[in-house]
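Q: I'd like to go over a predicted model; first the sequence, then the structure.
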Amino acid sequence: MADRDRTRENGERVRIFDTTLRDGEQSPGASMQKEEKLQIARQLEKMGVDIIEAGFPVASPDDFAAVCAISEEIRGSSICALSRCRSEDIETAARALEKAKNPRIHLFLATSALHMEKKLKLAPEAVLETIDRSVRKAVELAGEVEFSAEDATRSDRDFLARAVGVAISAGARTINIPDTVGYALPSEFRELLVFLRTTVPGALDVVFSAHCHNDLGLAVANSLAAVEGGARQVECTLNGIGERAGNAAMEEVVMALRVRKAFFGLETGIRTEEFVRASRLVSTITGMLVQPNKAIVGANAFAHESGIHQDGLLKDKRTYEIMLPEQVGLSEGSLVLGKHSGRHAFRARIETLGYRLSEEDLSSAFARFKRLADQKKEIYEEDLETLLSEGSATQEKDRYRLERLVVTGGTLVPPTATLVLSIDGEERQMAGLGTGPVDAIYRTLSNITGSGARLLSFTVKGITGGSDALGEVTVRLEEEGRVAAGHGADTDILVAAARAYLEALNRLERKKERDKRAGLVQKASL
Ligand code: KIV
Ligand code: ZN
């Protein structure tokens, strides 16, 4: 019986391995703070993700701390830490995972001739020995080990098969086949999986996994092809963020398996109704906006413009919809709270959204909510998420804080911004002109803080409908090679714009501080 027919009968499960917090964080400018990573980890657990790759502990003290914190709190998903095939990395990963209920060490070593010769400067036999030694050590320390043959799709097939065989006999129970540079084509990737599963001794006793990058726009197609070839784990990220063109998008892989279940005959454990919420959370935290036509979670993914389509939908939704918006968590916007809601209701509601705040943070979020409720009659879930994420980045002390802002403009007077900031606890005031009100604010902010940061992008969007909607501004700033995102939300978009800029400046400051503390050591290169 063909491999695929057999899986159809079994109705097996495909494990979802999320790497938003590790490979996703390698997107330029997407670095996240510990509390933000925890927030995403809680959402991943709530969605039913099987394995959360929480970070690369040896890369920096921040990564280490985030993996520790996630290991300590998350109980419903297994927690994984990345490690090179080096003793120090493996020991550090094991220490970071100490408190995890189901820990996993993810080892990787390149197997392509190009990487072995130019990057690792190791002979093929030495690579095999390193895999053997490292997997054995990791199994001893963590029990559960995954091995990735980096650049697998450009590796010699027979050598790749030997490397996989060594990892299996040393005790790895998951074998990941990464398309590290997004080079593979679906048919050849499927065949590679079939080849490895049918030729490597012990292959049928382990789980094969696919990890695809999107350089040719094929990450999701390749992941699905790998599943057809027998992979039962897919590595992916929310919104498809990740190194360069990104990784396979979890929401796309999972919805393809769900919508085309009759074809694949496979299941995932993902609660797909959480996708839109998860996507917004990642976008807000990283400052990486989702393109409107992005499959599953883009603003237009369920919007029908043409009259013929609208007519068809009215007659029967199935004419132009292959899945229901509710299945991915897209609703008309649920009214959640109003002006008269109390602190208790507020706390209960935000807990259902996955936020756990200290009493102090709860008080400040509740005060922001009350201010918003005074300006805006109806508060939707999206408003709450925006409001909460706005305060979430500030676990560490901010250098700059907006105290007051006055902006004048219109057709008669030149746009002018007058700002009062608290800088390291001291109030400072300055006024300045600009070509428009936002330009006036940003020029003045730049002058008052003395920052040389360059504005890379500025976007504004309404969170819910109506002219009283919260406006959310997202900016990305760059200074001396460091990139940071910031966002601000307010019913006044000029206030939101100022807050977004300041949040990004505060993040740049923290990055500078961290680099200084780490003695300018950059993240260990992958
Ligand atoms: O793309 C890649 O090869 C990786 C490995 C570390 C799995 O991210
Ligand atoms: Zn990767």
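A: It's in. Ligands and ions are numbered 1, 2, ... in the order given.
Q: How far does whichever helix or strand residue 106 is part of sit from its chain's centre?
A: Assessed by DSSP states H and E, residue 106 sits inside strand 103-110. Here the centre of strand 103-110 is set off from its chain's centre by 20 Å, with CA atoms, centre = their mean, to the nearest Å.
Q: Against which helices or strands is that strand packed?
A: strand 78-84, helix 87-96, helix 124-142, strand 145-150, strand 174-179 (3 or more CB pairs under 8 Å, 6 or more residues apart in numbering; DSSP states H and E). C-beta coordinates here come from the backbone N, C-alpha and C atoms, glycine included.
Q: The second one versus strand 78-84: what angle between them?
A: Looking back up the chat, that one is helix 87-96. For helix 87-96 against strand 78-84, the angle by axes from the mean of the first three to the mean of the last three CA atoms, to 10 degrees is 160 degrees.
Q: Pull helix 87-96 out as CSV, backbone CA atoms only.
A: C-alpha atoms of helix 87-96 as CSV (Å, rounded to 0.1, in the frame of the first residue of the first chain):
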residue,chain,number,x,y,z
SER,A,87,29.5,20.6,24.9
GLU,A,88,29.1,24.2,26.3
ASP,A,89,25.9,24.7,24.2
ILE,A,90,24.4,21.4,25.2
GLU,A,91,25.1,22.0,28.9
THR,A,92,23.7,25.5,28.7
ALA,A,93,20.5,24.3,26.9
ALA,A,94,20.0,21.5,29.5
ARG,A,95,20.4,24.0,32.4
ALA,A,96,17.9,26.4,30.8
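Q: buried set for it?
A: 89-94, 96 (16 or more other CB atoms under 10 Å).
Q: I'd like the residues you listed laid out as TSV, including pLDDT and distance to residue 121.
A: Formatted as TSV, the buried residues of helix 87-96 follow (pLDDT from 0 to 100; distance: CB to CB, whole Å):
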residue	pLDDT	distance to residue 121
89	98	18
90	98	21
91	98	23
92	98	23
93	98	24
94	98	27
96	98	28
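Q: how about a markdown table for those residues, with distance to residue 468 added?
A: Listed next are the buried residues of helix 87-96 as a markdown table, based on distance: CB to CB, whole Å:
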| residue | distance to residue 468 |
| --- | --- |
| 89 | 52 |
| 90 | 55 |
| 91 | 55 |
| 92 | 50 |
| 93 | 49 |
| 94 | 52 |
| 96 | 46 |
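Q: State the number of residues packed around residue 141.
A: By other CB atoms under 10 Å, the residues close to residue 141 number 18.
Q: That one: what's it in contact with?
A: Shown in contact with residue 141 (CB atoms under 8 Å, 6 or more residues apart in numbering): 90-91, 94, 105.
Q: again, only this time at 7 Å
A: For residue 141, the contacting residues are 90, 94, by CB atoms under 7 Å, 6 or more residues apart in numbering.
Q: please renumber so the chain begins at 666
A: Sounds good: first residue 666 from here, last item residue 806.
Q: Quick check: it vs residue 763, distance?
A: Using CB to CB, to the nearest Å, one gets 10 Å for the distance from residue 806 to residue 763.
Q: So for residue 1005, what's the pLDDT?
A: At residue 1005, the model reports a pLDDT of 79.
Q: Pretty sure it sits in a helix.
A: No: going by DSSP: H, G, I helix; E, B strand; the rest coil, the assignment for residue 1005 is coil, not a helix.
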